[in-house]
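> A structural model of the following input is requested.
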Amino acid sequence: MKFDIPFILSEKFLKQYPPKNLPMKSTAVVNFAPEKGSVEIREVPRPEIGDEDVLLEVANVGVCGSDLHQWTGDHSWPVNYPVVLGHEFGGTIRESGKNVTGWKEGDRVVSETAGIIDQGNPMTRQGFYNLDPTRKGFGNGVDGAMTRYVSVPARCLHRVPDSLAFEQACLTEPCCVAFNAVVENTRIKPGDRVLVLGPGTIGILCAAVAKLCGAEVAVIGLEADKKRLEIAEKYGCDTLVGDGTEWAMQRDGLGADSVIDATGVSKSLETAMQLVRPKGHISKVGWGPRPLGFSLDPIVQKNVTLQGSFSHNWPIWERVIVLLASGRLDVKPIIGGVWPLEEWQEAFEKMHDGTVVKSILKPG
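Coordinates of the predicted model:
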């Protein structure tokens, strides 16, 4: 049969009749060495799946700050080189291992990041597998999703409603990081004054979640962050450049109830200690590998709680998907564009120089 117009298979059709003859190879964004700039497009084989895994065809994958740090060579975590980057992703199941139940070909899903965990680890047995010291994540410990196909343990999957586009669903992971930092590890109350340091993806999402909790929120950045701060304003946040003292002290002169440090700079913790009120709370969610170089005595003097916050677990993902699907947590304002996989470098550069908050890649 000849078609005079292009014949495009709809997502509904592909879900009903998934293709069986999958390509054996595809292109991928690969981090191949620890040195700066050691990222390139390579051809990789289609991954084989185990009995407990599914083969996921990636629809969209978000670019994370950690991907940028591996690209620039200033990361502070172990990487299993060479590795396909990408841990913020969603797509459609194309194959399932023989022991997989509850999932079928064509299901729309997003995946958690813990590609390998120790099921017998005490933290895993408590449900906190994100804190298993042997955990290996997609994009650094095991191959990630900046490619067409990725092998994913079925335990990592969460169902995506048809109403939620993959361009937004692929950002479930950073939203879960923010939810864990703000709701689980900070427990913000309505009326709290919350100061967020750093208007990157995680900082802005932390601010958005804090607004959902009923807090008054300000996001502070540098002069170079003005475009990102404009995005934070779309979430109803106050924005500050350089100094947050006046805002923090506005209510009674004692400081902010909570400060969320979402920067990648160790020294920002000193700012947090200055701006938090006595008996207040600091959540450290941004990585800062350099030594501090200052005293932590203000934490003692102010009786301040300093809380680290890392990753997420199953119940957080389920909550966040509900928030995304309902529109109460809207990630569209942070999306600066969608690039084909082959244009990964432009997508990385636009995030790195602050032109956009979040870049998204589309394999295939």
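
> domain map for this structure?
Segmentation of the chain into domains, based on automatic domain parsing, reads 11-171+331-362, 178-308.

> reformat these as JSON lines; add mean neighbour count.
Every C-beta, even on glycine, is put in place using the N, C-alpha and C of the backbone. As requested, the domains of the chain are arranged in JSON lines below (neighbours: other C-beta atoms under 10 Å):
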{"stretch": "domain 11-171+331-362", "mean neighbour count": "18"}
{"stretch": "domain 178-308", "mean neighbour count": "20"}
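
> report the central residue of the chain.
Central residue of the chain (C-alpha atoms, centre = their mean): residue 174, 2.5 Å from the mean position.

> distance of it relative to residue 360?
Distance of residue 174 to residue 360, given as C-beta to C-beta, to the nearest Å: 11 Å.

> are there residues contacting both of the two? Which ones?
residue 62 (C-beta atoms under 8 Å, 6 or more residues apart in numbering).

> one step back: residue 320 is nearest to which of the domains of the chain?
Each of these has some distance to residue 320 by C-beta to C-beta; the shortest is domain 178-308, at 5.4 Å.

> for the closest one, how far is the first residue from the last?
12 Å (C-alpha to C-alpha, to the nearest Å).

> now do stretch 192-202
Start-to-end span of stretch 192-202 (C-alpha to C-alpha) is 20 Å.

> same check, this time on stretch 292-305
Stretch 292-305: ends 18 Å apart by C-alpha to C-alpha.

> and the nearest residue to residue 161 once chain neighbours are set aside, what pLDDT?
Distances taken as C-beta to C-beta, 6 or more residues apart in numbering place residue 325 nearest to residue 161, at 4.8 Å, with adjacent residues excluded. You'll see residue 325 listed with a pLDDT of 98.

> state the distance from residue 325 to residue 253.
42 Å.

> same question for residue 151.
55 Å.

> can you check residue 41 too?
Noted for residue 41: a distance of 55 Å to residue 253, by C-beta to C-beta.

> same thing with residue 58?
For residue 58, the distance to residue 253 - C-beta to C-beta - is 51 Å.

> residue 259 too?
16 Å.

> low-confidence bits of the stretch 151-300 of the chain, can you list those?
Across the stretch 151-300 of the chain, nothing is flagged by pLDDT under 70.

> can you give me the helices for it?
166-169, 172-179, 201-212, 226-233, 245-248, 268-275, 297-301 (DSSP state H, counting those that start in this stretch).

> counting contacts, what elements does the second one pack onto?
Translated: helix 172-179. strand 88-96, helix 201-212, helix 314-326 (3 or more C-beta pairs under 8 Å, 6 or more residues apart in numbering; DSSP states H and E).

> residues in contact with it?
Residues contacting helix 172-179 (C-beta under 8 Å, 6+ apart): 62, 64, 87-90, 110, 112-113, 158, 201-202, 205-206, 208-209, 285, 309, 311-312, 316-317, 319-321, 323-324, 329, 331, 358.

> distance from the chain centre to that helix, please.
With C-alpha atoms, centre = their mean, to the nearest Å as the basis, helix 172-179 stands 6 Å off its chain's centre.

> with the longest one instead?
In terms of C-alpha atoms, centre = their mean, the gap separating the centre of helix 201-212 from the centre of its chain is 12 Å.

> kindly report the same for the fourth one.
Centroid separation between helix 226-233 and its chain, computed with C-alpha atoms, centre = their mean, is 19 Å.

> let's number from 7 now, not from 1
In the new count, where the first residue is 7, that last one comes out as helix 232-239.

> angle of that helix against helix 207-218?
With axes from the mean of the first three to the mean of the last three C-alpha atoms, to 10 degrees as the basis, helix 232-239 and helix 207-218 are set at 20 degrees to each other.

> which SS class is residue 356?
Three-state assignment for residue 356 (DSSP: H, G, I helix; E, B strand; the rest coil): helix.

> from memory it sits against residue 349, does it?
No. Counting by C-beta atoms under 8 Å, residue 356 stays clear of residue 349, with 10.3 Å between them.

> hang on, isn't residue 65 packed against residue 368?
Yes. Between residue 65 and residue 368 there is a contact under C-beta under 8 Å: 7.4 Å.

> can you show me the strands along the stretch 57-206 of the chain?
Assigned by DSSP state E, counting those that start in this stretch, the stretch 57-206 of the chain shows strands spanning 59-68, 89-90, 94-102, 114-117, 120-122, 142-143, 155-159, 163-165, 199-203.

> show me what the longest one is packed up against.
In this case it means strand 59-68. strand 94-102, strand 114-117, strand 155-159, helix 172-175, strand 364-368.

> so which of those gets nearest residue 237?
strand 364-368 (9.3 Å).

> residues in contact with that closest one?
Residues from elsewhere that reach strand 364-368 (C-beta under 8 Å, 6+ apart): 35, 65-69, 92, 152, 173, 176-177, 180, 207, 337, 340-347, 350, 353-354, 356-357.
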